[in-house]
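no sequence on hand, only this structure:
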């Protein structure tokens, strides 16, 4: 299961997905450099850095340029509900 978190902050959703929900990889997008630094530290402290890609910048730009767009996420979500 791949997850894309568009407002990652310091890991409020990113860490539970990785540590407790068994996500194989999380793409975490965040624009605040202090939050990115804290997120990276929290990922390391929880030994899950290797399963998270932190995308720095405005999610309307940084995340759209990633290989996992919001449209793809919505398609997956629709598929899971059927």
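Received it, and whenever you're ready, just let me know what you need. Quantities reported herein were computed from a predicted structural model and do not represent experimental measurements.

CA atoms for contacts and neighbours, from now on please.
Fine.

I'd say residue 6 and residue 59 touch.
Yes. Using CA atoms under 8 Å, residue 6 is in contact with residue 59, at 5.9 Å.

list the contacts of residue 58.
Contacts here follow CA atoms under 8 Å, 6 or more residues apart in numbering; on that basis residue 58 touches 29, 30, 31.

for this protein, what spans make up the strands?
2-5, 25-30, 52-56 (DSSP state E).

joint contacts of residue 6 and residue 59?
29, 30.

how about the helices in this protein?
Counting by DSSP state H, the chain has these helices, from start to end: 14-19, 33-45, 70-80.

ok, of those helices, where does mean pLDDT dip lowest?
Within those, confidence is poorest for helix 70-80, with a mean of 58 (mean pLDDT).

mean pLDDT lowest where, among the strands of the chain?
When I compare these, strand 2-5 is least confident, with a mean of 76.

who touches that one?
By CA under 8 Å, 6+ apart, the list of residues contacting strand 2-5 reads 13, 14, 17, 23, 24, 25, 26, 27, 28, 29, 68, 73.

buried sites along it?
Buried residues in strand 2-5, counted by 16 or more other CA atoms under 10 Å: 3, 4, 5.

and stretch 16-23, by the same measure?
Of the residues in stretch 16-23, 17, 18, 23 count as buried by neighbour count, 16+ other CA under 10 Å.

closest to the centroid, which residue in the protein?
By CA atoms, centre = their mean, the chain has its centre lying nearest to residue 28, at 2.4 Å.

so who does that one touch?
So residue 28 contacts 4, 5, 6, 7, 8, 14, 52, 53, 54, 55 (CA under 8 Å, 6+ apart).

by neighbour count, which of the residues you listed wins?
residue 14 (26 neighbours; other CA atoms under 10 Å).

I'd say that one and residue 23 touch.
No. Using CA under 8 Å, residue 14 makes no contact with residue 23, being 9.4 Å away.

show me what contacts the nearest residue to residue 31 once chain neighbours are set aside?
Leaving aside its chain neighbours, residue 31 sits nearest to residue 57 (4.1 Å; criterion: CA to CA, 6 or more residues apart in numbering). Residue 57 is in contact with 29, 30, 31, 32, counting by CA under 8 Å, 6+ apart.
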